[in-house]
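In: I'd like to go over a predicted model; first the sequence, then the structure.
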Amino acid sequence: MKAIFQVALGILAAIGGFVDIGDLVFNVAAGAEFGFSLLWVVVVGVVGIIVYSEMCGRVAAVSKRAVFDAVRERLGFGVGLVALVAAQLVTFLTLAAEVGGIAIVLQLLSNLPFLALVPLAFIGLLAAIWFLEFEWIERLFGYAGLCLIVFVVAAIKLEPDWGSVAHGFVPQIDTGDPLVYLYFMVGLLGAAMTPYEVYFYSSGAIEEGWTPKDLGLNRLNTVIGYGLGGLLSFALMITAGALFLPQGIQPQLIGTVALGAEVPLGQVGLLLALVGILFAVGGAAIDTCFSFAYNLAQFFGWEWGKYRGPARAPRFTLAWLVLLVLACCVIATGIDPVMLTEYAVIFSAVALPLTYLPILLVANDRAYMREYANGRLANVFGVVYLVVILFVALAAIPLMLITNMGQG
Amino acid sequence: MSRPKALDLALGVLDHQLVDPDGRRCGKVDDLELEVTIGEPARVTAVLVGPRYWHARVRGPVGRLLARLGGGGGVKVAWDGVERVTSAVELARPASELGLGRGDDRFRPLIGRLPWA
């Protein structure tokens, strides 16, 4: 029973960590623009994040080393520093976007002015991080984030053409507007495989004191957790494809995402969607905030971890605290969180190879991983995905510029 | 002292985490000091830790700037003070005795003053 409970917690954590503002924005925008024809890209992204999260969870459980330990050890100080700067920039942008998302949802729920809600978002996040145990942060945001399942119900209730939905799972390229289609492909992969997910997942495994005994749990967490995250992504895209595409609506606001649940399910649907988005995005804000501090501490060798307590890991604590303040300041300038999200996701795609290559190298090191090193299956998937993300990284910025961020 | 028979210094020691006997993370192996005698294999004599040694890893003005930003301090830990090399480099003596982890020590009073820290 305890094991089932543990798995359930991991699953919840993975959902909270997977569906963030980037997924909400890109899945809904992709559905509104191309209907169901990009569903297959979500599958590719979900399998990718499963492969690499499983790998870095295993590395953490066996060696007690997290992603940026591996980055520094395998890329060295100089190249590792480039990877660190890229990762931190992207993580900061993502955190600012998530904070903006929280403030927007609070605004929709309360009708108070946006600027008054940014400090409220800050206080809420700070209180959650400061007072809750690591496991309880995962539980609170994971459980409440499950409200997003309302989009699965909404997608079914909208009675889409299931034949077209099924056809969306077949790899294809839209010949009508191939460049914008490619831009959305890159965005969906970037959103599904956002680097902070692996920073947080691997460091979280150490926070929770995983050992090789937890490797089964690691596998289940990643497969079922990210699988469920993928299901929510499908639901968001199907809802947008069934509701917004026929009416030519281009969702530019977070509120439009919630409309996808309100139209078929009424006020209850809207409320559940907003609560789900609030906690999913809130959970992601905490994940990114910690990820920034984890990366910095792991690269420079500082003491880190919420489990250590603030006084035992002072520079780690200071890092996330300062970052949270800065992110709130940036969002309080009135910058559009959706635009910030798009930049964060596209730049994430560029930072992907420098994150994933060191994980693959360490997971193959038998001196380090002993009998738990990568098997053939993990390596085949690992190498294939490395090639995929290399293309994604190279194509991301040119596509963003050519398509004017998907506007065509 | 137990060590693997063959140890790849570049891969297995350089840039690895330093951990003291209390399990405290207290820096990275930023560089290694080697003693070279003609006709004999090179010998590691010390682990070099701290911003002072970063400019040897990143040449030019960027390296110098980094070292300055990091405060420029550095600690040399004699190789005899290394207890074991696993995925981390485990030290025989506490970080405080070796002068390691001073950055965390510097910020501890500040963070300790925060409510409920």
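Out: Alright, I've got the coordinates.
In: what's the closest non-adjacent residue to A:Ile389?
Out: Closest residue to A:Ile389 apart from its sequence neighbours, by Cβ to Cβ, 6 or more residues apart in numbering or on different chains: A:Leu352 at 4.2 Å. C-beta here means a position set from N, CA and C on the backbone, and glycine is covered the same way.
In: got the buried residues for stretch A:336-346?
Out: Buried residues in stretch A:336-346, counted by 16 or more other Cβ atoms under 10 Å in any protein chain shown: A:Pro337, A:Val338, A:Leu340, A:Thr341, A:Glu342, A:Tyr343, A:Ala344, A:Val345, A:Ile346.
In: Actually, stretch A:139-152.
Out: Within stretch A:139-152, the residues that count as buried by 16+ other Cβ under 10 Å are A:139-142, A:144-152.
In: what separates the longest strand along chain B from the chain centre, distance-wise?
Out: The single longest strand within chain B, with elements called by DSSP state E, is strand B:43-49. Relative to the centre of its chain, strand B:43-49 is centred 9 Å away, using Cα atoms, centre = their mean, to the nearest Å.
In: And that strand, what does it pack against?
Out: Other helices and strands packing on strand B:43-49, by 3 or more Cβ pairs under 8 Å, 6 or more residues apart in numbering or on different chains; DSSP states H and E, are strand B:31-35, strand B:75-78.
In: a markdown table for the buried residues of stretch A:139-152, including secondary structure, distance to A:Asn379 and pLDDT?
Out: Shown next, in a markdown table, are the buried residues of stretch A:139-152 (DSSP: H, G, I helix; E, B strand; the rest coil; distance: Cβ to Cβ, whole Å; pLDDT from 0 to 100):
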| residue | secondary structure | distance to A:Asn379 | pLDDT |
| --- | --- | --- | --- |
| A:Arg139 | helix | 34 | 85 |
| A:Leu140 | helix | 37 | 89 |
| A:Phe141 | helix | 33 | 90 |
| A:Gly142 | helix | 31 | 87 |
| A:Ala144 | helix | 38 | 90 |
| A:Gly145 | helix | 33 | 90 |
| A:Leu146 | helix | 34 | 89 |
| A:Cys147 | helix | 38 | 93 |
| A:Leu148 | helix | 34 | 94 |
| A:Ile149 | helix | 35 | 94 |
| A:Val150 | helix | 39 | 96 |
| A:Phe151 | helix | 35 | 96 |
| A:Val152 | helix | 34 | 97 |
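In: Could you list which residues are in contact with residue 72?
Out: As the question left the chain open, I've gone with chain A. Going by Cβ atoms under 8 Å, 6 or more residues apart in numbering or on different chains, A:Arg72 touches A:Gly80, A:Gln298, A:Phe299, B:Asp15, B:Lys28.
In: That was the other one, I meant chain B.
Out: Contacts for B:Gly72 (Cβ under 8 Å, 6+ apart) come out as B:Pro51, B:Arg52.
In: Over to it: give its phi and psi.
Out: phi 80, psi 0 (degrees, to the nearest 10).
In: just A:Gly406 next, same as before
Out: phi 80, psi 0.
In: That one contacts A:Leu182, doesn't it?
Out: No: contact between A:Gly406 and A:Leu182 fails when scored by Cβ atoms under 8 Å: they sit 9.9 Å apart.
In: Can you give me the buried ones in the one helix or strand A:Val59 maps to?
Out: Assessed by DSSP states H and E, A:Val59 sits inside helix A:39-63. For helix A:39-63, a neighbour-count test (16+ other Cβ under 10 Å) marks A:39-63 as buried.
In: Show the residue spans covered by the helices in chain B.
Out: Secondary structure of chain B by DSSP state H: the helices cover B:9-12, B:60-69, B:95-98, B:102-112.
In: okay if I get the ones you listed as a markdown table plus distance to chain A, mean pLDDT and mean neighbour count?
Out: Listed next are the helices of chain B as a markdown table, based on distance: least, Cβ to the nearest Cβ, whole Å; pLDDT from 0 to 100; neighbours: other Cβ atoms under 10 Å in any protein chain shown:
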| stretch | distance to chain A | mean pLDDT | mean neighbour count |
| --- | --- | --- | --- |
| helix B:9-12 | 7 | 86 | 14 |
| helix B:60-69 | 8 | 87 | 14 |
| helix B:95-98 | 9 | 96 | 18 |
| helix B:102-112 | 4 | 94 | 17 |
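In: circling back: and A:Gly406 and A:Leu182? Which one has more around it.
Out: Comparing A:Gly406 with A:Leu182 by other Cβ atoms under 10 Å in any protein chain shown, the one with more neighbours is A:Gly406, at 23 against 20.
In: roughly how far apart are the more buried one and chain B?
Out: According to Cβ to the nearest Cβ, to the nearest Å, A:Gly406 stands 35 Å off from chain B.
In: For that residue, which non-adjacent residue is spatially closest?
Out: Counting by Cβ to Cβ, 6+ apart, the residue nearest A:Gly406 is A:Tyr183, at 4.8 Å.
In: On the three-state scheme, that neighbour is what?
Out: helix (DSSP: H, G, I helix; E, B strand; the rest coil).
In: residues contacting it?
Out: By Cβ under 8 Å, 6+ apart, the contact set of A:Tyr183 is A:Leu399, A:Met400, A:Ile402, A:Thr403, A:Met405, A:Gly406.
In: Are any of the residues you listed buried, and if so which?
Out: A:Leu399, A:Met400, A:Thr403, A:Gly406.
In: thought B:Ala117 was touching A:Ala311?
Out: Yes: using Cβ under 8 Å, B:Ala117 is in contact with A:Ala311, at 5.4 Å.
In: Give the residues shared as contacts by these two.
Out: Common neighbours of B:Ala117 and A:Ala311 (criterion: Cβ under 8 Å, 6+ apart): B:Ile111.
In: coming back round to it: and of the buried residues of stretch A:139-152, the nearest to chain B?
Out: Using Cβ to the nearest Cβ, A:Leu140 comes nearest to chain B of the buried residues of stretch A:139-152, at 18.0 Å.
In: show me the contacts for that closest one.
Out: Listed by Cβ under 8 Å, 6+ apart, the contact partners of A:Leu140 are A:Ala128, A:Leu132, A:Phe279.
In: tell me which of these is nearest to A:Ala293?
Out: Nearest to A:Ala293 among these is A:Ala128, at 15.2 Å by Cβ to Cβ.
In: Look at the closest one and report its pLDDT.
Out: pLDDT, A:Ala128: 97.
In: Report the buried residues of the helix or strand containing it.
Out: In the assignment (DSSP H and E), A:Ala128 maps to helix A:114-131. Using 16+ other Cβ under 10 Å as the test for burial, helix A:114-131 gives A:Leu117, A:Val118, A:Ala121, A:Phe122, A:Gly124, A:Leu125, A:Leu126, A:Ala128, A:Ile129.
In: Take those and lay them out in CSV including distance to chain B.
Out: Putting those into CSV (distance: Cβ to the nearest Cβ, whole Å) gives the following:
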residue, distance to chain B
A:Leu117, 24
A:Val118, 21
A:Ala121, 20
A:Phe122, 15
A:Gly124, 16
A:Leu125, 16
A:Leu126, 11
A:Ala128, 13
A:Ile129, 12
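In: which residues of the stretch 151-300 of chain A fall in strands?
Out: Along the stretch 151-300 of chain A, no segments are classed as strands by DSSP state E, counting those that start in this stretch.
In: Would you mind listing what in it touches chain B?
Out: Within the stretch 151-300 of chain A, the residues that sit near chain B (Cβ under 8 Å from any Cβ of the partner chain) are A:Ala297, A:Gln298, A:Phe299, A:Phe300.
In: Closest one of those to chain B?
Out: When these are compared against chain B (criterion: Cβ to the nearest Cβ), the nearest one is A:Phe300, at 6.6 Å.
In: For that closest one, which non-adjacent residue is spatially closest?
Out: Nearest non-adjacent residue to A:Phe300, counting by Cβ to Cβ, 6+ apart: B:Lys28, 6.6 Å away.
In: Please identify which helix or strand holds the residue nearest to A:Ile389.
Out: Residue-wise, A:Leu352 maps onto helix A:337-363 under DSSP H and E.
In: Run through the neighbouring helices and strands of that helix.
Out: So helix A:337-363, by 3+ Cβ pairs under 8 Å, 6+ apart, packs with helix A:21-34, helix A:39-63, helix A:67-110, helix A:178-192, helix A:195-207, helix A:366-369, helix A:376-402.
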